[in-house]
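# give the three-dimensional model of this entry:
(one chain, ligands or ions: 1)
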Amino acid sequence: MGSPCSAEVAALRRGERFSFSAAAGPLPAEVADAVAEACRPRPASILSLPFTSPAFHRIQAETEACLRRLLAIPDTFRVLFLAGGASAQFAALPLNLLGEGGRALYVDTGHWSLRALAEAARYGEAGVAARGAGAIPPLADWAVDASAAYCHLTSNETADGLQYDELPALPLPLVADMSSDFLTRALDFSRLALVYAGTQKTIGIPGLTVVIVHERLLGRAAPATPRVMNYAAQAEAQSRLCTPPVFPIFVAHLMLHWIEAQGGVTAMATALARRSAAVYAAFDGSGGVYRPVVEAPFRSRVNPCFRLADDETTEHFLRAAEAAGLRDLRGHPAVGGVRISLYNGIGDGAVEALLGFLDAFARGRAQA
Ligand SMILES: Cc1ncc(COP(=O)(O)O)c(C=O)c1O
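Presented below is the predicted three-dimensional model:
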């Protein structure tokens, strides 16, 4: 069947290009093949699987069980599969957690934490515990008020290329947006009260947000909270208060089992450490052509960002990369520069092609 976008779809299918997009991560070939296979049978396929069917309930249960194994999620935490993107959680958090007259704290380290803070401020009192650009302020400098309802941080600032090496131990419930580093490392749930992540970058496709929430945070929602955003109501209804994102849950199910077969989050963390170290070494060895914007201890393993000498050089770099089959390297519009995204599904071939290009481009500039 033809569509106005047939050419785009065909180019994607030929797979002659590698995408380093920060917005959505690639699926490994085995996962993509399994997804395609599951879509094929007619008349029924995964695409029309009713959320009320025992088959879907089993898929959802298996997805949760695999996630629990991979992250060693304690029984005291509930796992929710919700629609609306991570941005919907920016509103759901204060609605569910602030309670009567409560106050939230946010650590502002860049684009996404600021977005989360701005949204929370629409629903209640949200203050800043700490603020840092290009660096995470030392914990000793955070204005931590143990009586606040929760403290929110963004574990990996996707737009700014800044990441927490370790999540802090705080005297109040810690909430982490892990949309761009979910399942790239192990988690210490003794430090966490709630984790949320859109699945499109590291464990699947757009349309699903996973929320992992400690039971003690349930049941505090403001009366006006939409029921589909109410954590306690969704936990009670097994995330099926409305039609859940069936297909994205199925893809996450495949992706999580793929991660498990690779060796779990330890294998993801090892591959990411190796790849990001090679990318940062390319920056360091470029004779100043690639200029990282984030201070070394806080550099994101997932989204290394850099700048070139000026806008003209940046455009030249992006055009040359595109011609070499390396796509989606432009930095976030709010930040500029260049951004490389190394999500779980990316293959070694893509990373090698990128490293080769970085090296060749830098040598070309040195000779110019
Ligand atoms: C860290 C982080 N949080 C939240 C979001 C927003 O996600 P969504 O578009 O699913 O609402 C993004 C998107 O890139 C992100 O990187």
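# and the ligand, is stretch 147-164 touching that?
Yes. Against the ligand, stretch 147-164 shows contacts by CB under 6 Å from any ligand atom at 154, 158. (C-beta placed from N, C-alpha, C; glycine too.)
# got the buried residues for that stretch?
Taking 16 or more other CB atoms under 10 Å as the neighbour-count basis, stretch 147-164 is seen to contain the buried residues 148-164.
# out of these, which sit inside strands?
Those of the buried residues of stretch 147-164 mapping onto strands are 150-154, 156-157, 162-163, per DSSP state E.
# ok, whichever residue of the stretch 1-150 of the chain sits closest to the ligand to Ala186 distance?
Using CB to the nearest ligand atom, the single residue of the stretch 1-150 of the chain nearest to the ligand is Gly85, 2.8 Å away. Gly85 sits 25 Å away from Ala186, going by CB to CB, to the nearest Å.
# ok, back up a step: gap between the nearest residue to the residue of the stretch 1-150 of the chain closest to the ligand once chain neighbours are set aside and the ligand?
Counting by CB to CB, 6 or more residues apart in numbering, Gly85 lies nearest to Gly198, which is 5.6 Å off, once chain neighbours are set aside. Gly198 sits at a distance of 3 Å from the ligand (criterion: CB to the nearest ligand atom, to the nearest Å).
# surely Gly198 and Pro206 touch.
Yes. A contact is recorded between Gly198 and Pro206 when judged using CB atoms under 8 Å, the distance being 7.2 Å.
# what touches both of the two?
Shared contacts of Gly198 and Pro206 (CB atoms under 8 Å, 6 or more residues apart in numbering): Gly85.
# settle it for me: which of those two has more neighbours?
The residue with the greater number of neighbours, taking Gly198 and Pro206 and applying other CB atoms under 10 Å, is Gly198; the counts read 29 against 15.
# for Gly264, which non-adjacent residue is spatially closest?
In this structure, Gly264 finds its nearest non-sequential neighbour in Leu70, 5.5 Å apart by CB to CB, 6+ apart.
# do Gly263 as well
Nearest non-adjacent residue to Gly263, counting by CB to CB, 6+ apart: Thr270, 7.9 Å away.
# tally of neighbours for the one you found?
A count of nearby residues for Thr270, using other CB under 10 Å, gives 12.
# apart from its chain neighbours, what residue comes closest to Leu354?
In space, Leu354 comes closest to Leu326 once its chain neighbours are excluded; the distance is 5.7 Å by CB to CB, 6+ apart.
# tell me where this structure has strands.
Chain-ordered strands for the chain, with DSSP E as the definition, fall at 18-19, 77-82, 103-108, 125-131, 150-154, 156-157, 162-163, 174-177, 194-198, 209-214, 291-292, 305-307, 326-327, 338-339.
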